[in-house]
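Undergrad: the sequence and its predicted three-dimensional model are supplied below.
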Amino acid sequence: MRTHNAIKAALLFCLCLGIAWAPNAARPEAARTIKVVISVPPGGTIDLLVRTIADYLGRTHGQTIVVESRPGAGSIIAAETVARAAPDGGTLLVNSNGQMISPLIRKVNFDPRTSFEPICFLVDSPQVLVVNSKSPYRTLRDLVDAARARPGELSISTVGPLTTQHIAVERFKRLAGIDLTYVPFTGGAPAINALLGGHVTAVLQNFSEAGEQVRAGALRALATPSRSRVPPLPDVPTIAESGYQDFVAEVWFGLVAPAKTPQPILTQYIEWFGGAIEAPEVKAKLVASALYPNRRCGADFAAHIQRQVDEFTRVIAELKLKG
C-alpha cells in the first residue's frame, strides 16, 4: 500500500512539474537572439523602427535583437527569406503594405496571408512628396503644370518598383493626367540622395526619411498623400486638399513570423513588441521621427492584411500594372 501511494505521489509530482514546465517550453528564452529581416538598406525608416524597439527590449527584457537587411525585388527577397525560415521564433519579418503587392503581380514563393503568422501592426508612416529646395516648384500645382508642359522630361522616384509608393505615383499620374518618368530605388535614403544631387525632380517617401532634410531647408515638401497633414509639417497640404479629392496613399509597418510558429511564441512576441511601441519612451522616439504607433495584433492584424490584399487587387487591376 505504501509502495502504491509512493508511486502515486511520484506520478503526481511529475505531472505537476510537467504542467509548470510545459507553457515555458515553447516560449523563447530571454537570452536568445531574434533576427528581424528588413527589406530595405540600413539607415531608413524600417531600420530606425526595429533598432528603437530592439534597444528597449534589450534593456527591459535582456532580449538580443539583430537587424538583417535583405533589400531588393520589391521586398520579395526579404519576404521569401523569412517564409523559408524555421518557425521557431528566431527569424521575423517587418512587413508592410508593399508586401501585399508583389504576389499580385509576380510569381513569388510566399503568400502574405498564409506564409506568415501575424504578430502586430506596429506603426503608420506618413508619406511626403518633396523636391530639391533649389527647384522652381513651390506647390504641387507647380509640379503638375510643369509635367503637363514637358511630358516625360520630369522624373519622380520612390522605393520600388511595384511598391506602395510606386503604385501611389502611378495612381496620381493617371488622376492628374501627367507623364512623369518613374525612377525606382532600393531604399528611401538612396532616393533622397539622388534628389539632393539633382538627378531626379521629385521623390515620394516616408517623412521619417525626408523630414530632416526638409527641416534643414535642403528639400521642399509640396504635399502629403496621407489622410491628414503630417504633424511636423502643418502648413503642407494633403494631395486631396490640393485638388485631388479622396486621393490617399499611406504606409504602415508590422511584424510577422514564419507560418506554423507555435502560438506560445507568438503570444510572447505580441506582449513584447506590442508593449514596446506603447512604452512612453519608445513612442516618443518614434513620433519624433513621424512614425505613429498603432497597435493591432494577432487576429486584428490578420484581418487588416486581408483587407490590404483585397484593396491592392482592385487597384492593380485598374492600373493594369505588370511585373
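TA: Received it, and whenever you're ready, just let me know what you need.
Undergrad: tell me which element Val236 falls in.
TA: Using DSSP states H and E, Val236 sits in no helix or strand.
Undergrad: hang on, I meant His166
TA: Element membership for His166, per DSSP H and E: helix 164-176.
Undergrad: confidence score at the spatially most central residue of the chain?
TA: The structure's the chain has its C-alpha centroid closest to Phe253; by CA atoms, centre = their mean the separation is 2.7 Å. What the model reports for Phe253 is a pLDDT of 96.
Undergrad: surely it is in a strand?
TA: Yes. Looking at Phe253 with DSSP: H, G, I helix; E, B strand; the rest coil, it is inside a strand.
Undergrad: ok, now which ones touch it?
TA: Contact analysis of Phe253 by CB atoms under 8 Å, 6 or more residues apart in numbering lists 45-46, 49, 94-96, 122-123, 125, 291. C-beta coordinates here come from the backbone N, C-alpha and C atoms, glycine included.
Undergrad: repeat for Asp124
TA: Applying CB under 8 Å, 6+ apart to Asp124 gives the contacts 250-252, 291-292, 294.
Undergrad: if we go to 7 Å?
TA: 250, 252, 292, 294 (CB atoms under 7 Å, 6 or more residues apart in numbering).
Undergrad: from those, which land in strands?
TA: Judged by DSSP state E, strands contain the following of the contacts of Asp124: 252, 292, 294.
Undergrad: Ile101 versus the last one, what's the distance?
TA: Right, Asn294. Here Asn294 is placed at a distance of 20 Å from Ile101 (CB to CB, to the nearest Å).
Undergrad: which one of those two has more residues nearby?
TA: Ile101 (28 against 15; other CB atoms under 10 Å).
Undergrad: verify the stated contact: the more buried one with Leu162.
TA: Yes. Applying CB atoms under 7 Å, one finds Ile101 in contact with Leu162, separated by 5.7 Å.
Undergrad: now the helices for this protein?
TA: Ranges of helices in the chain, per DSSP state H, are 2-25, 45-61, 76-84, 98-105, 140-149, 164-176, 188-196, 207-216, 263-269, 275-278, 280-288, 299-319.
Undergrad: tell me the domain ranges of this structure?
TA: For the chain, automatic domain parsing gives the domain ranges 33-125+251-319, 129-223.
Undergrad: before we move on, back to that, bridging residues for the residue nearest to the centre of the chain?
TA: Bridge pairing for Phe253 (DSSP bridges) gives the partners Ser96, Val123.
Undergrad: by neighbour count, which of the contacts of Asp124 wins?
TA: Trp252 (20 neighbours).
Undergrad: how about that residue, what does it touch?
TA: 96-97, 121, 123-125.
Undergrad: do the same with Gly254
TA: Taking CB under 7 Å, 6+ apart, one finds 95, 120-122, 301 in contact with Gly254.
Undergrad: mind redoing it with 6 Å?
TA: Residues in contact with Gly254, defined by CB atoms under 6 Å, 6 or more residues apart in numbering, are 95, 121-122.
Undergrad: could those residues go into TSV alongside pLDDT and distance to Ile77?
TA: Listed next are the contacts of Gly254 as TSV, based on pLDDT from 0 to 100; distance: CB to CB, whole Å:
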residue	pLDDT	distance to Ile77
Asn95	94	13
Phe121	97	22
Leu122	97	21
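Undergrad: Pro112: which of those is nearest?
TA: Asn95 (6.9 Å; CB to CB).
Undergrad: sorry, back to before: nearest to Glu68, of the contacts of Gly254?
TA: Among the contacts of Gly254, and counting by CB to CB, the member closest to Glu68 is Asn95, at 14.5 Å.
Undergrad: max pairwise distance over the contacts of Phe253: which two?
TA: That would be Asn95 and Leu291, which, of the contacts of Phe253, are the farthest apart (CB to CB) at 15.2 Å.
Undergrad: so between these two, which is more surrounded?
TA: Neighbours were counted for Asn95 and for Leu291 using other CB under 10 Å; Asn95 has more, 30 against 26.
Undergrad: against Val131, how distant is the more buried one?
TA: Distance from Asn95 to Val131, by CB to CB: 30 Å.
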